[in-house]
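Colleague: Could you work out the structure for the sequence below:
(chains A and B)
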Number of protein chains: 2
Amino acid sequence: MTANSPIHLSEVSESAKAEHLLLKCMSYGGLRDKEIETVLDLVSIKTYKKGTLLLREGEVSTKCYFNFKGGVRQYYLKDGEEKTTFFYLENQSITSSTSTALQIPAKHYLECIEDTTLAVMTHEKEEELYRRFPRLESLCRVEMERRLGQYQEMLANYMITTPEERYLNVLKYQPALLSRVPQYQLASYLGIKPESLSRIRKRILLK
Amino acid sequence: MTANSPIHLSEVSESAKAEHLLLKCMSYGGLRDKEIETVLDLVSIKTYKKGTLLLREGEVSTKCYFNFKGGVRQYYLKDGEEKTTFFYLENQSITSSTSTALQIPAKHYLECIEDTTLAVMTHEKEEELYRRFPRLESLCRVEMERRLGQYQEMLANYMITTPEERYLNVLKYQPALLSRVPQYQLASYLGIKPESLSRIRKRILLK
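Modeller: Model (predicted):
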């Protein structure tokens, strides 16, 4: 599977659904007709097969994504071992901001963990959009502040919680991960070995 | 010590130095004369005594800061115990983005760990600045993307490293913390107990 290889068969209906959703999001977000038209011009909607790598360590990220259907896993290779650090499920933006903003090689991988339908925009086209519609850059700046806050809180939250508390948080806030992600990836995401995850699950079931 | 209580004595020289630095930063950042003048109008430079709480859990954050001299610690109270999650030293922006952006109560504290000189801007004045100079909002959006990338990488980095590796990273990238921060706060920041930090330090000295 090569990076960024879209599925060409049976893509049409997922793309159409995604475009419909994108329209709804933009309209709900207060975008004007001309702005919506331009975004649709600059964005492409693609479906990637499970296993596709959207980004590899060492590559410079040139795109950002919005996930309509499916899942994308962020992982690092450390001493030959995959360390899962993030799962992007539906309605999440996927950015590799350091690599994109500074145009330096990424240190991580982005892998589709299911057949995944994404809105794709290149960094260049995003900049073009803001040049044409400064109002959208202003909306984006506000959204970036919100996302920055999310990452500040995720970092702090990871630092102050035990693996068991992190597992309970997944149960509460991201229960979809339990059925859509293999145990070894979930364990890695929680910062533990698969055996420890089994022990935590048993302990919780016995409570 | 009440929140936000500035020092009024011996503040002048630190404020003057900070204002000089601020001018240099803005000029280096390519800001135009009218923009610089307006920022100076909207920002205040204050020196806070060691121990001052800039923000408490439960308060809504209304300000952002830039640190010219001194240090600010972010911590959470969990079961009565302080969990240190961040140190902001010189030349760092200090934001509590979720609380500020969504106007909801913060979950953390911000404490000056030394006498600290900060540029202070309220959220309201920041928005006023962007209304008057959309070009600055554009610069801010780019800076936000860079900061978002930093937090994405800090989160991933914390997840994939051992406490010993984190300590080695502090030695390499934030050595000032070793002399400016008490051991129990540094241990908490690394996600370990003070005894474990002592063991790590001994092990590294013996290598």
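Colleague: After the longest helix seen in chain A, heading C-terminal, what element do we hit next?
Modeller: In chain A, assigned by DSSP state H, the helix with the most residues is helix A:134-160. Following helix A:134-160 in sequence order, the next helix or strand is helix A:163-173 (DSSP states H and E).
Colleague: Report the buried residues of that following helix.
Modeller: Neighbour counts over helix A:163-173 (16 or more other Cβ atoms under 10 Å in any protein chain shown) mark A:P163, A:E164, A:R166, A:Y167, A:V170 as buried. Placement of C-beta: from N, CA and C, glycine included.
Colleague: Same list, those, but as JSON lines with distance to chain B please.
Modeller: As requested, the buried residues of helix A:163-173 are exported to JSON lines (distance: Cβ to the nearest Cβ, whole Å):
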{"residue": "A:P163", "distance to chain B": "11"}
{"residue": "A:E164", "distance to chain B": "14"}
{"residue": "A:R166", "distance to chain B": "10"}
{"residue": "A:Y167", "distance to chain B": "14"}
{"residue": "A:V170", "distance to chain B": "14"}
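Colleague: follow-up on the earlier one: quick check, the longest helix of chain A touching chain B?
Modeller: Yes - for helix A:134-160, a contact with chain B is found by Cβ under 8 Å from any Cβ of the partner chain, at A:134, A:137-138, A:140-142, A:144-156, A:158-160.
Colleague: cool, stretch A:196-204 as well?
Modeller: No - judged by Cβ under 8 Å from any Cβ, stretch A:196-204 makes no contact with chain B; its nearest approach is 14.9 Å.
Colleague: which residues are contacting that stretch?
Modeller: Residues outside stretch A:196-204 that contact it (Cβ atoms under 8 Å, 6 or more residues apart in numbering or on different chains) are A:P163, A:E164, A:Y167, A:L168, A:Q183, A:L186, A:A187, A:L190, A:I192.
Colleague: For A:Q74, list the residues it contacts.
Modeller: Contact partners of A:Q74, counting by Cβ under 8 Å, 6+ apart, are A:T84, A:T85, A:F86, A:F87, A:Y88, A:H108, A:Y109, A:L110, B:A156.
Colleague: Give the rounded mean pLDDT of stretch A:195-207.
Modeller: Averaged across stretch A:195-207, pLDDT comes to 93.
Colleague: what do you get for stretch A:98-112?
Modeller: Here the average pLDDT along stretch A:98-112 is 97.
Colleague: Buried ones in that stretch, by neighbour count?
Modeller: Buried residues in stretch A:98-112 (16+ other Cβ under 10 Å): A:T98, A:S99, A:T100, A:A101, A:A106, A:K107, A:H108, A:Y109, A:L110, A:E111, A:C112.
Colleague: Could you do stretch A:127-147 as well?
Modeller: A:L129, A:Y130, A:F133, A:L136, A:E137, A:S138, A:L139, A:C140, A:R141, A:M144, A:E145, A:R147.
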